[in-house]
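Novice: need the 3D shape of this:
(chains A and B)
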Amino acid sequence: EDKVVQSPLSLVVHEGDTVTLNCSYEVTNFRSLLWYKQEKKAPTFLFMLTSSGIEKKSGRLSSILDKKELFSILNITATQTGDSAIYLCAVLYNQGGKLIFGQGTELSVKP
Amino acid sequence: DGGITQSPKYLFRKEGQNVTLSCEQNLNHDAMYWYRQDPGQGLRLIYYSQIVNDFQKGDIAEGYSVSREKKESFPLTVTSAQKNPTAFYLCASSPGPVRPQHFGDGTRLSIL
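Specialist: Numbers count the residues shown, from 1 in each chain, chains lettered A, B, ... in the order given. A predicted model of the protein is given here:
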């Protein structure tokens, strides 16, 4: 059975800390891995990773994919309280446009 | 502004009642999706549609129905056969099957 597993499930840090969120997957017919940030309501798109070893970066956030070891990490440097959210990892299938999601990591950044 | 609009934001269902959740997008996206999110869990796919007048079951379609009569609209009906409907429902759309999905603000459904 296909699955996406995120760790840790929850994390509490202080402003200024650097965090690393993990996502591992066992999915047949893999196309891409996506990261989303969910605050109160709609998940917002962060990154889509298709190739191994190429880092994607946006401000203090960065992510990389390892297709050999079947995992991805999302790094957030110099965390701020506004980074508090649930971070969702999802795998996009090669056909049909379906996404399979992990359970999410709930990040709380304290002042 | 372009986007995905879900309505209502909150919905209450009585036992034995069918309810319909609305999802409209003005992004001209071909593909639309419905997900369910329960506390502490990720999103699970209910139904999806790649083109008008065609849709497929996702992983948890039992007790739900959809239609796709127009490109911009993909309503979800939660039927009385869905025994545990209390959840947060999210609609998404994308330009195509290999592009990122973008989400609406969701509808929170509760049972009276």
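
Novice: in contact with the residue lying closest to B:A87 once chain neighbours are set aside, which residues?
Specialist: Leaving out its chain neighbours, the residue that sits closest to B:A87 by CB to CB, 6 or more residues apart in numbering or on different chains is B:R36, at 4.8 Å. C-beta: built from backbone N, CA, C; applies to glycine. When contacts are counted by CB atoms under 8 Å, 6 or more residues apart in numbering or on different chains, B:R36 touches B:43-44, B:46, B:60, B:87-90.

Novice: out of these, who's nearest chain A?
Specialist: Among the contacts of B:R36, B:L43 lies closest to chain A (CB to the nearest CB), at 4.5 Å.

Novice: what's the neighbour count on the closest residue to that closest one other than its chain neighbours?
Specialist: In this structure, B:L43 finds its nearest non-sequential neighbour in B:Y35, 4.0 Å apart by CB to CB, 6+ apart. Per other CB atoms under 10 Å in any protein chain shown, the neighbour tally for B:Y35 reads 27.

Novice: B:Y35 sits in which helix or strand?
Specialist: Under the criterion of DSSP states H and E, B:Y35 resides in strand B:31-37.

Novice: so what strands line up beside that strand?
Specialist: strand B:43-51 (antiparallel), strand B:87-94 (antiparallel) (DSSP bridges).

Novice: helix, strand, or coil at B:N28?
Specialist: Classification of B:N28 using DSSP: H, G, I helix; E, B strand; the rest coil returns coil.

Novice: tell me the contacts of it?
Specialist: B:N28 neighbours (CB under 8 Å, 6+ apart): B:71, B:95.

Novice: how much space between it and B:S49?
Specialist: As judged by CB to CB, to the nearest Å, B:N28 and B:S49 stand 15 Å apart.

Novice: equivalent analysis for B:A87, please.
Specialist: When distance is defined by CB to CB, B:A87 is 20 Å away from B:S49.

Novice: residues of chain A that sit close to chain B?
Specialist: Residues of chain A lying close to chain B by CB under 8 Å from any CB of the partner chain are A:4, A:6, A:9, A:31-32, A:34, A:36, A:41-45, A:48, A:88, A:90, A:92, A:95-104.

Novice: mind giving me the PyMOL select for those, buried ones only?
Specialist: For the buried members of the residues of chain A next to chain B, the matching PyMOL selection, counting by 16 or more other CB atoms under 10 Å in any protein chain shown, is:
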select buried, chain A and resi 4+6+31+32+34+36+41+42+43+45+48+88+90+92+97+98+99+100+101+102+103+104
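
Novice: what about the residues of chain A next to chain B, which are in strands?
Specialist: A:4, A:6, A:31-32, A:34, A:36, A:43-45, A:48, A:88, A:90, A:92, A:99-101 (DSSP state E).

Novice: closest one to chain B out of the residues you listed, please.
Specialist: Nearest to chain B, judged by CB to the nearest CB, of these is A:F101 at 3.5 Å.

Novice: got a list of what the closest one touches?
Specialist: Shown in contact with A:F101 (CB under 8 Å, 6+ apart): A:4, A:88-90, B:35, B:42-44.

Novice: and A:L74, how many residues sit next to it?
Specialist: If you count neighbours by other CB under 10 Å, A:L74 ends up with 24.

Novice: tell me which residues of the helix or strand where it lies come out buried.
Specialist: Element membership for A:L74 (DSSP H and E) is strand A:71-76. Using 16+ other CB under 10 Å as the test for burial, strand A:71-76 gives A:71-74, A:76.

Novice: alright, that wraps it up for me.
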